[in-house]
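A.B. asks: sharing a model that was predicted from the sequence below.
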Amino acid sequence: MSWDPSIATIKRSKGIQSIAWSPCSRFIAISSQDSTEVQILDAVTLKRLNSFVPPHRSTRLLAFAPTNRLLMWLGGDPRVFASWDLQTGVQAGEIPIEGPPYPRTITLSGCGTMLGVLFHGRPSDPSIINTYDILSGTLIHCHPVEGISTDAFWTHDDCVRFTTFRPGFIIIWEVGFASQLPPTEIESLPTPNDFDTSRSLFLPAPPRLAFIGSGKTVLVWDAQHSKFLLDSMDVGNLNTMSFSSDGHFFACGTFGREIYLWKESPTGYILHRKLIYDDVGVGYCEAFLSPDGQSIVAYGGQKLQLNLWRTLDSSSPSSVPTRGLQRTDRFVIGFSPDGLLAAAARLRGETAAVLDLKSGATRLIVDAGGCIHGLGVAGSTVVAVVSYGTVVTWNLPTGAHVLSTRVDSSDSVRTSRLDLAASIYESAPDTVSISPDFNYIAVTDGEGVFNSWDVSARKSLMYTWVGSWAHSSWFTQDGQELWFLGSGRGEGWAIIRDNESEVTKLEPLGPTRGPPGGHPWQSPRGCKVTDDGWVLDGTGKRLLWLPPRWRSHAHAVDRVWSGRFLALLHAELPEVVVLELPEE
């Protein structure tokens with residue numbers, strides 16, 4: 001679901017050169033591109049708590065010591081390391097840094113008296129690790145790195161650890177801050193075949209490897225169990241990647257307007273939040289996840305502003321404005337009869353997604369090749385009604401690796417075209433419903449026209465005008481009845497199939513009878529949604545609070561229930577939200 005507006009924003013007169021979170025997630029350090037000062041910000045309000053003037057211009061790197069008390073700064077011209085005591089505001093020391101031209105990252109020993117710097121040389125030159133004594137300002141030792149070094153570089157007890165790569169493996173090395181001995185290999189972990197070291201991020205514990213694959217794909221590899229935890233397609237050109245310290249959250253910023261946040265689940269990482277950066281014309285977006293995973297700070301765009309978001313919903317009510325959002329066509333969604341899958345798309349859009357409701361993962365992405373008016377999914381099949389007159393069927397992928405598989409019209413297993421001339425149907429359809437067995441469809445529009453079709457026979461079952469406010473139609477889960485709502489009234493028909501003559505007809509149901517299980521926006525379990533957005537069970541007990549943007553959303557018909565799942569369809573927001581209620 002899309003986030004609320006940021007909880008804090010500050011304007012910047014100059015661009016930001018470097019951003020660093022403290023290990024305790026309470027402070028954010030930023031340096032300006034002109035390097036006139038380094039600021040320490042509160043990680044809840046973004047208020048400035050302190051500032052330091054670097055000894056030289058051109059800040060390259062910022063980092064906090066493991067104790068949270070010292071802030072480390074590495075300048076570029078000349079290359080000088082300095083650190084400040086955040087409690088006293090006193091500069092702890094200054095060290096001239098020598099080495100290859102590209103210092104990539106720095107780390108401080110646990111006691112705060114020694115510094116490690118990782119340098120990447122030119123492609124033909126090896127990487128180097130230098131360690132320094134901060135109190136004396138002297139070089140302790142220079143360690144050449146054998147193999148292709150990554151940017152993974154961290155403090156472990158009294159040692160520095162880093163990683164190198166050789167085809168098929170990532171190797172963890174260790175060397176003491178004060179040691180004169182060469183680095184020791186600690187562990188060798190497998191990598192996938194298409195791993196590219198040029199754009200990667202390594203999380204030491206648990207060992208996770210994030211990297212950019214082909215086709216704008218971000219992947220996360222579980223190096224301990226040799227399996228993918230995330231394989232997400234089409235997230236745009238990635239700019240930054242970050243993990244929370246425990247690996248439960250993973251975030252990406254893009255060279256566009258999006259920030260993606262994934263959350264760990266038993267089946268891997270699932271998309272937890274997507275943020276659209278509110279800056280028209282933004283050319284890049286750098287996002288940095290806090291170590292505790294509860295916040296993201298982001299910078300980018302033309303406004304030169306720093307934004308802070310919480311990764312979880314606020315515990316207080318929110319009246320979130322939708323300024324800048326334009327109302328578009330609403331969504332269509334179809335749940336499988338067994339409650340395991342859901343298919344969703346923007347009405348008249350051309351792309352649909354099929355979700356596994358147990359894991360939250362995307363099973364299939366469909367490029368329909370035309371305007372989508374209705375969706376159905378059951379078992380291993382998904383159906384879309386495209387441009388009203390065409391019913392297209394795809395099979396869901398099978399096997400161990402089925403996340404985000406993409407298909408188009410050429411991959412369909414069956415395409416049926418209806419004889420529109422038989423119905424004199426002229427208006428564009430408003431909604432299209434599909435029966436659970438995919439044999440029938442029902443169509444409504446805003447002009448009051450209602451039509452139903454036998455797909456296999458490709459003929460109309462009924463064509464009628466039912467009122468000037470036709471709203472929607474739906475099939476019962478057993479596929480035996482068809483219901484319609486319009487002009488403030490509902491009507492139902494039993495679907496009668498004569499197998500001998502292969503003729504299907506609709507017989508009206510009694511006028512006093514209502515649809516079994518209620519309307520789609522009514523819970524079959526007796527749950528209700530209050531005016532202030534609380535979901536109650538049949539006894540009135542609070543089960544959950546709707547996300548902020550749906551609490552004041554007045555249209556109950558934009559909620560669709562299926563068993564314990566509730567879909568929220570907000571026409572002014574970019575996504576469908578599916579919530580799972582607790583088991584009874």
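C.D. replies: Yep, that arrived. Numbers count the residues shown, from 1 in each chain.

A.B. asks: for the closest residue to Gly514 other than its chain neighbours, give me its contacts.
C.D. replies: Distance criterion CB to CB, 6 or more residues apart in numbering; nearest residue to Gly514, sequence neighbours excluded, is Gly490 at 7.0 Å. (C-beta placed from N, C-alpha, C; glycine too.) Gly490 sits next to 483-484, 514-515, 519 when contact means CB atoms under 8 Å, 6 or more residues apart in numbering.

A.B. asks: ditto for Thr240
C.D. replies: Counting by CB under 8 Å, 6+ apart, Thr240 makes contact with 252-253, 286-288.

A.B. asks: who does it form a beta bridge with?
C.D. replies: Gly253 (DSSP bridges).

A.B. asks: what residue ranges in the stretch 101-250 of the chain score low on pLDDT?
C.D. replies: Scanning the stretch 101-250 of the chain for pLDDT under 70 picks out 121-124, 214-215, 233-236.

A.B. asks: residue ranges for the strands of it, please.
C.D. replies: Using DSSP state E, counting those that start in this stretch, the strands of the stretch 101-250 of the chain run over residues 102-108, 114-120, 127-133, 138-145, 148-156, 159-166, 169-176, 184-190, 200-203, 208-213, 217-222, 227-232, 238-243, 249-254.

A.B. asks: let me know the closest of the contacts of Thr240 to Leu461.
C.D. replies: Of all the contacts of Thr240, Cys252 has the smallest distance to Leu461: 48.7 Å, by CB to CB.

A.B. asks: got a list of what the nearest residue to the closest one once chain neighbours are set aside touches?
C.D. replies: Sequence neighbours aside, Tyr260 is the residue nearest to Cys252 in space, at 4.8 Å (criterion: CB to CB, 6+ apart). Taking CB under 8 Å, 6+ apart as the contact definition, Tyr260 lies against 218, 232, 235, 251-252, 254, 271, 273-275.

A.B. asks: quick one: least confident of those residues?
C.D. replies: Within these, pLDDT reaches its minimum at Val235, with 67.

A.B. asks: look up how far Pro192 lies from Gly168.
C.D. replies: In this view, Gly168 and Pro192 are 9 Å apart by CB to CB, to the nearest Å.

A.B. asks: check Ala343 too.
C.D. replies: For Ala343 relative to Pro192 (CB to CB), the value is 30 Å.

A.B. asks: these two: which is more packed in?
C.D. replies: With neighbours defined as other CB atoms under 10 Å, Ala343 and Pro192 compare such that Ala343 has more, 27 against 16.

A.B. asks: okay, and the beta partners of the more buried one?
C.D. replies: Bridge pairing for Ala343 - DSSP bridges - gives Gly334, Val354.

A.B. asks: in terms of contact, does it touch Val377 like I think?
C.D. replies: Yes - the pair Ala343 / Val377 is scored as a contact, 4.3 Å apart, by CB atoms under 8 Å.

A.B. asks: what is in contact with the two at once?
C.D. replies: 334, 354.

A.B. asks: for the residue nearest to Gly514, give the beta-bridge partners.
C.D. replies: Assigned bridge partners for Gly490, using DSSP bridges, are Leu485.

A.B. asks: ok, Leu71 next?
C.D. replies: Beta-bridge partners of Leu71, as defined by DSSP bridges: Phe64, Trp84.

A.B. asks: okay, now it: neighbour count?
C.D. replies: Number of residues near Leu71 (other CB under 10 Å) recorded here: 24.

A.B. asks: for Ser136, same thing?
C.D. replies: 11.

A.B. asks: next: Trp521.
C.D. replies: 18.

A.B. asks: pretty sure it sits against Arg559.
C.D. replies: Yes - the pair Trp521 / Arg559 is scored as a contact, 4.8 Å apart, by CB under 8 Å.

A.B. asks: nearest to Asp158 among the contacts of Tyr260?
C.D. replies: Of all the contacts of Tyr260, Ala251 has the smallest distance to Asp158: 30.8 Å, by CB to CB.

A.B. asks: spit out the contact partners of the closest one.
C.D. replies: By CB under 8 Å, 6+ apart, the neighbours of Ala251 are 241-243, 259-262, 287-289, 296.

A.B. asks: what do you get if the cut-off is 7 Å, keeping everything else the same?
C.D. replies: 242, 259-261, 287, 289, 296 (CB atoms under 7 Å, 6 or more residues apart in numbering).

A.B. asks: re earlier: which residues does the residue nearest to Cys252 bridge with?
C.D. replies: Tyr260 has the following beta-bridge partners by DSSP bridges: Cys252, Lys274.

A.B. asks: excluding its backbone neighbours, what's nearest Ser412?
C.D. replies: Take Ser412 and drop its neighbours on the chain: the residue closest to it by CB to CB, 6+ apart is Val392, 4.9 Å away.

A.B. asks: can you convert the contacts of Tyr260 into JSON lines and add a column each for distance to His373?
C.D. replies: Putting the contacts of Tyr260 into JSON lines (distance: CB to CB, whole Å) gives the following:
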{"residue": "Val218", "distance to His373": "32"}
{"residue": "Ser232", "distance to His373": "28"}
{"residue": "Val235", "distance to His373": "28"}
{"residue": "Ala251", "distance to His373": "35"}
{"residue": "Cys252", "distance to His373": "33"}
{"residue": "Thr254", "distance to His373": "31"}
{"residue": "Leu271", "distance to His373": "26"}
{"residue": "Arg273", "distance to His373": "29"}
{"residue": "Lys274", "distance to His373": "25"}
{"residue": "Leu275", "distance to His373": "30"}
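
A.B. asks: among those residues, which one lies nearest to Ser31?
C.D. replies: Nearest to Ser31 among those, with distances taken as CB to CB, is Ala251, at 21.2 Å.

A.B. asks: and the pLDDT for Leu485?
C.D. replies: 74.

A.B. asks: separation between it and Tyr463?
C.D. replies: Applying CB to CB, the value for Leu485 to Tyr463 is 18 Å.

A.B. asks: more neighbours: which of those two?
C.D. replies: Leu485 (22 against 15).

A.B. asks: surely the more buried one and Gly492 touch.
C.D. replies: No - with contacts counted by CB atoms under 7 Å, Leu485 stays clear of Gly492, the gap being 10.0 Å.

A.B. asks: ok so, going back, which ones among the contacts of Gly490 lie within helices?
C.D. replies: The members of the contacts of Gly490 all map outside helices under DSSP state H.

A.B. asks: now render the residues you listed as CSV, adding distance to Ala361.
C.D. replies: Below are the contacts of Gly490 laid out as CSV (distance: CB to CB, whole Å):
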residue, distance to Ala361
Trp483, 32
Phe484, 34
Gly514, 36
Pro515, 32
His519, 29
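
A.B. asks: which one of those residues is nearest Ser409?
C.D. replies: Distance to Ser409, by CB to CB, is smallest for Phe484 among the contacts of Gly490, at 29.9 Å.
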